[in-house]
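J.: just coords:
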């Protein structure tokens, strides 16, 4: 069994500026986001991580580093845990783009599995399949290890929705705080969700 601590990155500068959709844009952490990551690291101080992975985007890499401090393993990056590509929604707030193009959002909410985010971005299927492939590989490569994984809001929510077998149109019913902590036990043929969105370090 591999114990995976799957964590959303800290608040980004775009999260702070009206919750703009960051997607693949390489936006750094806000001051609050750095504090959230440091607090998550203190909360997890007793956990010994054997391996650490993060999305290549700086907000995820910096979150991982702040959680690990100076004594953790080196941070490996993997593009399969990137945030989704949000197409025409990138850099804009939901309130803004829904007014201009309500049909795109309605189609996405009804069937994200097959609908491209922001018309030209990724589908939920693409996000889930790459993240699921990553998680399976982590279980195979690191049996009996404890692994830190820092990824992104929608990538995590679609991965969890798939693990739970719930309709992907309900993905927004899974909430992920910035630096919310999910604990998963991964084996060769199964994933057990032990905890969802632990956030006591934020209060």
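T.: Yes, it's here. This one's a predicted model, so the numbers in the text were calculated from it and none came from an experiment. Numbers count the residues shown, from 1 in each chain.
J.: how about residue 120, what does it touch?
T.: 85, 87, 88 (CB atoms under 8 Å, 6 or more residues apart in numbering). From N, CA and C alone the C-beta is placed, and that goes for glycine too.
J.: which pLDDT value belongs to the first one?
T.: Among the per-residue scores, residue 85 holds a pLDDT of 97.
J.: what is the neighbour count of residue 194?
T.: Look at residue 194: counted by other CB atoms under 10 Å, it has 11 neighbours.
J.: quick check: mean pLDDT across the helix or strand it falls within?
T.: Using DSSP states H and E, residue 194 sits in strand 191-198. Strand 191-198 comes out with an average pLDDT of 98.
J.: distance of the residue nearest the centre of the chain from residue 82?
T.: What sits nearest the mean C-alpha location of the chain, by CA atoms, centre = their mean, is residue 152, with 2.4 Å. The gap separating residue 152 from residue 82 is 7 Å, by CB to CB, to the nearest Å.
J.: neighbours of residue 36, how many?
T.: 26.
J.: need phi/psi at it.
T.: Here is the backbone geometry of residue 36 (degrees, to the nearest 10): phi -60, psi -40.
J.: check contacts around it.
T.: Contacts of residue 36 (CB under 8 Å, 6+ apart): 10, 11, 178, 179, 201, 202.
J.: and which of those residues is nearest residue 145?
T.: residue 179 (21.8 Å; CB to CB).
J.: mind checking what secondary structure that closest one has?
T.: coil (DSSP: H, G, I helix; E, B strand; the rest coil).
J.: got it, and residue 40?
T.: With three-state DSSP as the criterion, residue 40 reads helix.
J.: nearest residue to it other than its sequence neighbours?
T.: If the residues on either side of it in the chain are set aside, residue 40 comes closest to residue 179, at 4.4 Å by CB to CB, 6 or more residues apart in numbering.
J.: any chance you could map the strands in this protein?
T.: Here the chain has its strands, by DSSP state E, at 2-8, 51-54, 75-77, 146-151, 181-186, 191-198.
J.: JSON lines please, covering those strands and showing distance to residue 173.
T.: Listed next are the strands of the chain as JSON lines, based on distance: least, CB to CB, whole Å:
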{"stretch": "strand 2-8", "distance to residue 173": "16"}
{"stretch": "strand 51-54", "distance to residue 173": "26"}
{"stretch": "strand 75-77", "distance to residue 173": "30"}
{"stretch": "strand 146-151", "distance to residue 173": "19"}
{"stretch": "strand 181-186", "distance to residue 173": "15"}
{"stretch": "strand 191-198", "distance to residue 173": "11"}
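J.: among the ones you listed, which is nearest residue 112?
T.: Of the strands of the chain, the one closest to residue 112 (CB to CB) turns out to be strand 146-151, at 17.4 Å.
J.: partners of the closest one in the sheet?
T.: Strand 146-151 pairs in its sheet with strand 2-8 (parallel), strand 51-54 (parallel), by DSSP bridges.
J.: need the winner for burial among these.
T.: Using mean count of other CB atoms under 10 Å, the stretch among those with the greatest mean number of neighbours is strand 2-8 (a mean of 24).
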